[in-house]
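Engineer: Sequence plus predicted model, see below.
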Amino acid sequence: MEKLNNFQFYQPANINDCKVVKENFIIRIKEFELIRYDLENDPMKESVQHYLILGRRGSGKSTLLKRIECEIKTVDSLRQRYEVINFAEEQGSIHRLFDLFEEIIKVLNDSGYDGLPDTESLKIPDNYAEYARELYGFIQKSIRGKNIKLVLLIDNIDKVFLNIKEDAQIFREILLNYDDLKIIGGSTRMSEHFWQYDLPFYQFFRVLRLEALTTPEIKSLLLKWSEILENKEIEEFIKSKPGQIEAIRILTDGLPRTLQFFIDLLVNRPQQNGFEYIRRIMDIITPLYQERLHSLTPIEQKIVMKLAFAWEAIATKDLVQPTKIESKLLSANLKQLANNGIVDIVQTSKKNHLYRLSERFFNMWLIVTQGNPAEKRKAKWLTIFLESWYNKKELKQIVKQHIIGLESGALKADHAVVMTKALAQSRYIGFDVRDNMIERSHRLIGENSAMEQELPEKSIEILKKINSLIEQQNFKQALIEVKSISNEEDGTKEMIIGFVQSMAQEPDEAKRYFKKSTAKGENDSNYLLALLYDNQGKFEIAEKYYIMAIENGDEKAIFNLAFLYDKQGKFELAEEYYLKAIEKGEEDALTNICFLYYLIIKDRDKLSTYYPLIKKNSPNEQQLVILSEIWNGVFTNTKEDIEKLRGEENGFDQMFLIHLLVHFQKNIVWELFNKPETGQHLKDKFLPVYYATASLIETEESLQLLLKMPPEIEETVKDILSEIEKLRKEYYPAIN
């Protein structure tokens, strides 16, 4: 959207065509009309009303000042009364009051006013204060000669006042004693010049605050942009995405300049979503937010950073420790930040209020760009964005795409973890989908312990905590644990609350939550009850509820029931329900039934039907496939597969090495123990298996090696050899 990129958001004062300015001015109407009325009706005799337009960067101050300039220049009744001078946003040349007056004289000279000196040729004055008074005398005489009043539009007026602070009292005297000049200034902050009672300009200006745009104002602005840019997509977006309009208002806190970046991405990159979408917005918006951050004092920057990482509204007393700032000083700075529109004050019923950053996307930007790795991984900010930006249907599609990315391994591990954590906290995601994402994320990142710790707990772990609290009859804490769960999509959360209430002997409350659960699409609480009893080891009751859940069409209960039978040694029933779960597409059931056929039932024919279907996502699954192939006489890629497994962290375990020996692969195991790169590590880790392999090799070298066997492991080696012999009889009965 090149037109949008070239749209003058940063320097609206440089737009010279007043017709364009007036046509495009559709927000800040109330403030404009108030000042326009004042210009029309203020007699400017004896006393003059001056104005301060207060608003954050990007809120429309410069545009409003430009609109006022154009009104004075194009409306006869105003043009005949006023000469308007609009100073550029950055006035680096103004360091003393006389600098300001010299700039005014230059503009008036160019505009044809008489009786004004050439300031460039004047000598360096001995007394700067008297020189400033002399210059103002020239200005006053010149404009009075034309019966004209002067209107100064000064953006970033607080910086001008800071520069001329030595002459501030003189400037105040001039403004009080003469009625030739009206000042309308813009500022991002309510600096001490305007509120400190012992400074010259205390309560000297009428303050007009530019508040956040309302949703109707945002719609009007977007429609105007659609017209200017001749882009119907923006107009269509307004009609079809009312929820995202409100999301824009919340995330940008109604700032027009920030809004620009969202619209650019909406129209130019509608196919992007999730982490990449946000990262792109962050990249584009960085200059704006860096400018905002650097405009704050060092102590304000520190407070803002701590507020950002807190994310939720926080009390002053809770900011004292992380900021290491004394409470009174902290309160004063928070008040100033609130006055400048950076911080919101959340009123409470008590004396102490709460504080948070006003613009939520600025908060996100601070976390992503300024935070340390731990702070960046606090993904709640991303959850908030996703739920604000996408509707329920779109968010579910993002989840689907994310799971596909996890399955294919196409996602970067760090991005995958952040997105999984964010989506897992969404109220639009059910428990099953949540756990699926978490499980696949674990598979993707492997043994990366730091990232493992960042992933949320699976539902079963949460249920274990709740069970433990129920067993302790700590029902109050159990309810707190349940209610902290974000996921609310499928009614499972309500089911858990209902269960806890029933255990706490609160039948009415339990019934109410079970009804809520049913209303959200959960048929009943049977599956959850089964999980809870299963986790408590009450297998008979768990079996009953799993069967009831299956009868009610709950397919996920099929696998759990199969696993329950597996744990109890009811292998025929386990096989029956694993097969049913496989028919429903349950991948874990496929792996489990192969382990059942291989380790327990030892049925080579049945195993050969299913092991080729295993996706080999984990070392355990890779080991199972290798052993199944060897048992079935398939040696096509055996060495390559074992070598690949050797390269993985924790690729080998003792059971795998022993079973290779069971299947007469002693030479392969011996080679593994004698690999120059990893052999010593394997020996240290599986020393008894190493000596058991040496015993089976029966070479002169290996027999000599056996003489070195530590006596404390001799019995263990004998047990391993005995186990190998026993298993060989089971796996190869015909040979024996």
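Structural biologist: Everything's here; your move.

Engineer: chain center to stretch 725-735, what's the gap?
Structural biologist: Distance of stretch 725-735 from the chain centroid (CA atoms, centre = their mean, to the nearest Å) equals 57 Å.

Engineer: what's the average pLDDT for it?
Structural biologist: The average pLDDT within stretch 725-735 is 92.

Engineer: What residues of that stretch count as buried?
Structural biologist: For stretch 725-735, burial by neighbour count (16 or more other CB atoms under 10 Å) applies to 727-728, 731. (C-beta placed from N, C-alpha, C; glycine too.)

Engineer: outside of it, which residues touch it?
Structural biologist: The contact list for stretch 725-735, computed with CB atoms under 8 Å, 6 or more residues apart in numbering, reads 602, 631, 659, 662-663, 736.

Engineer: of those, the lowest pLDDT goes to which?
Structural biologist: Confidence by pLDDT is poorest for N736 among the contacts of stretch 725-735, given 60.

Engineer: list the contacts for L561?
Structural biologist: Counting by CB under 8 Å, 6+ apart, L561 has contacts 530, 543, 546-547, 550, 577.

Engineer: That one: what secondary structure?
Structural biologist: Under DSSP: H, G, I helix; E, B strand; the rest coil, L561 falls in the helix class.

Engineer: Could you verify my assumption that R56 touches N340?
Structural biologist: Yes - when contacts are counted by CB atoms under 8 Å, R56 is listed as touching N340 (7.2 Å).

Engineer: Could you name every residue contacting both of the two?
Structural biologist: T188.

Engineer: Which of these two has more residues huddled nearby?
Structural biologist: Per other CB atoms under 10 Å, whichever of R56 and N340 has more neighbours is R56, with 24 against 20.

Engineer: would the more buried one count as being in a strand?
Structural biologist: No - counting by three-state DSSP, one finds R56 to be coil, located in no strand.

Engineer: hmm, back to that, just the buried residues of stretch 725-735 now: which is nearest Q654?
Structural biologist: Set against Q654, the nearest of these by CB to CB is L727 (13.5 Å).

Engineer: the strands in this protein, which residues?
Structural biologist: With strands called from DSSP state E, the chain shows them at 50-54, 82-87, 149-155, 181-187, 205-209, 314-315, 343-346, 354-357.

Engineer: for those strands, which one sits closest to E461?
Structural biologist: Smallest distance to E461 across those (CB to CB): 28.9 Å, for strand 314-315.

Engineer: Can you report how many residues neighbour G647?
Structural biologist: Using other CB under 10 Å, the number of residues around G647 comes to 9.

Engineer: That one and G409: what is the separation?
Structural biologist: Counting by CB to CB, to the nearest Å, the gap from G647 to G409 is 16 Å.

Engineer: try S187
Structural biologist: Distance of S187 to G409, given as CB to CB: 53 Å.

Engineer: These two: who's more crowded?
Structural biologist: Remark: of S187 and G409, S187 carries more neighbours, 24 against 12, as counted by other CB under 10 Å.

Engineer: beta partners of the more buried one?
Structural biologist: Beta bridges link S187 to L54 when assigned by DSSP bridges.

Engineer: Could I get the pLDDT score of it?
Structural biologist: 84.

Engineer: I'd guessed it sits against D158; true?
Structural biologist: Yes - at 4.4 Å, S187 and D158 qualify as touching, with contact defined as CB under 8 Å.

Engineer: show me the contacts for the residue nearest to L357 when sequence neighbours are not counted.
Structural biologist: What sits nearest to L357 in space, not counting adjacent residues and going by CB to CB, 6 or more residues apart in numbering, is N363, at 4.5 Å. N363 sits next to 307-308, 311, 356-357, 381 when contact means CB under 8 Å, 6+ apart.

Engineer: How is this structure partitioned into domains?
Structural biologist: For the chain, automatic domain parsing gives the domain ranges 6-209, 390-456, 652-736.

Engineer: for the stretch 101-250 of the chain, which spans come out with low pLDDT?
Structural biologist: Along the stretch 101-250 of the chain, the model assigns pLDDT under 70 to residues 190-203, 242-244, 247-248, 250.

Engineer: now with 90?
Structural biologist: Scanning the stretch 101-250 of the chain for pLDDT under 90 picks out 118-129, 155-177, 185-207, 209-250.

Engineer: Distance of the residue nearest to E543 when sequence neighbours are not counted relative to K538?
Structural biologist: With sequence-adjacent residues excluded and distances taken as CB to CB, 6+ apart, E543 is closest to L564, at 6.1 Å. L564 is 11 Å from K538, where distance means CB to CB.

Engineer: Looking at these two, which has the bigger crowd around it?
Structural biologist: Under the neighbour definition other CB under 10 Å, L564 and K538 were set side by side, and L564 has more, 21 against 14.

Engineer: residues near the nearest residue to N340 once chain neighbours are set aside, how many?
Structural biologist: Excluding its sequence neighbours, the residue lying closest to N340 (CB to CB, 6+ apart) is R189, at 4.1 Å. Neighbours of R189 under the rule other CB under 10 Å: 21.

Engineer: could the domains of the chain be laid out in a markdown table, adding distance to G491?
Structural biologist: What follows is those, written out as a markdown table (distance: least, CB to CB, whole Å):
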| stretch | distance to G491 |
| --- | --- |
| domain 6-209 | 42 |
| domain 390-456 | 8 |
| domain 652-736 | 40 |
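
Engineer: Which residues are in contact with the residue found closest to L469 once you drop the neighbours it is linked to in the chain?
Structural biologist: With sequence-adjacent residues excluded and distances taken as CB to CB, 6+ apart, L469 is closest to A478, at 3.9 Å. Contact analysis of A478 by CB under 8 Å, 6+ apart lists 466, 469-470, 500.

Engineer: what about A478, distance to Q472?
Structural biologist: 9 Å.

Engineer: swap in T492?
Structural biologist: For T492, the distance to Q472 - CB to CB - is 23 Å.

Engineer: Those two - which one has more neighbours?
Structural biologist: More crowded of T492 and Q472, by other CB under 10 Å: T492, with 25 against 10.

Engineer: circling back: out of the strands of the chain, the one nearest V717 is which?
Structural biologist: strand 314-315 (61.9 Å).

Engineer: Adjacent strands (with direction) for that closest one?
Structural biologist: strand 354-357 (antiparallel).

Engineer: Dump the partner strand to PDB, keeping only the CA atoms.
Structural biologist: What follows is strand 354-357, C-alpha atoms only, in PDB (Å, rounded to 0.1, in the frame of the first residue of the first chain):
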ATOM      1  CA  LEU A 354      -4.000   0.400  40.200                       C
ATOM      2  CA  TYR A 355      -1.900   1.400  37.300                       C
ATOM      3  CA  ARG A 356      -1.200  -0.100  33.800                       C
ATOM      4  CA  LEU A 357       0.100   1.100  30.400                       C
END
